[in-house]
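A.B. asks: here are the coordinates; sequence isn't available:
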């Protein structure tokens with residue numbers, strides 16, 4: 001949600017990919033792709049954003065904390081990032097999502113958005129459940 005230098009962003013993408021492969025992810029057994037190259041993420045985020053009310057996003061603690069660190073000038077990207085996260089989850093019809101404690105509220109938003117979408121347009125998205133690690 002913060003502007004980055006293009007060269008630094010490209011290097012970060014390569015570094016992250018290298019780290020994922022170094023952790024043992026086998027690209028012969030799973031799909032490894034750059035999410036920004038899949039336009040459906042942003043397209044679904046737009047649709048879901050049209051179903052999400054601003055007061056709900058303003059109540060998220062991550063918004064309040066990060067906005068405070070940005071001199072109370074939080075960006076639209078920062079505000080709507082949880083909707084993009086919901087799109088990332090729902091696009092693949094995920095049923096279980098590994099999350100840390102700090103992301104539980106964002107997953108709850110994704111659950112609420114899925115339920116709202118399904119109520120309005122018919123059963124389409126599974127309502128994802130959290131997989132919380134004890135570590």
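C.D. replies: Ah, there it is. What you see is a predicted model; the values in this text were computed from it and never measured.

A.B. asks: Can you pull the phi/psi pair for residue 99?
C.D. replies: Dihedral pair for residue 99: phi -140, psi 150, per degrees, to the nearest 10.

A.B. asks: And for residue 60?
C.D. replies: The phi/psi pair for residue 60 (degrees, to the nearest 10) is phi -70, psi 130.

A.B. asks: if I pick it, what's in contact with it?
C.D. replies: 82, 105, 106, 109 (Cβ atoms under 8 Å, 6 or more residues apart in numbering). (Glycine included, C-beta is placed from N, CA and C.)

A.B. asks: Run the chain-centre distance for stretch 113-129.
C.D. replies: In terms of Cα atoms, centre = their mean, to the nearest Å, the centre of stretch 113-129 is found 17 Å from the chain centre.

A.B. asks: buried stuff in it?
C.D. replies: 113, 114, 117, 125, 126, 128 (16 or more other Cβ atoms under 10 Å).

A.B. asks: For the residue nearest to the fourth one when sequence neighbours are not counted, give me its contacts.
C.D. replies: In this case it means residue 125. Spatially, and ignoring its direct neighbours in sequence, residue 125 is nearest to residue 114 (4.1 Å; Cβ to Cβ, 6 or more residues apart in numbering). Residues near residue 114 by Cβ under 8 Å, 6+ apart: 86, 90, 125, 126, 127, 128.

A.B. asks: change it to 10 Å
C.D. replies: Counting by Cβ atoms under 10 Å, 6 or more residues apart in numbering, residue 114 makes contact with 48, 86, 89, 90, 93, 94, 123, 124, 125, 126, 127, 128.

A.B. asks: Can you check the pLDDT for it?
C.D. replies: Note on residue 114: pLDDT of 98.

A.B. asks: same deal with residue 64?
C.D. replies: 78.

A.B. asks: what's the helix or strand for the residue lying farthest from the centre of the chain?
C.D. replies: The C-alpha centroid of the chain is most remote from residue 28, which lies 25.1 Å away (Cα atoms, centre = their mean). Residue 28 is located outside every helix and strand, with elements delineated by DSSP states H and E.
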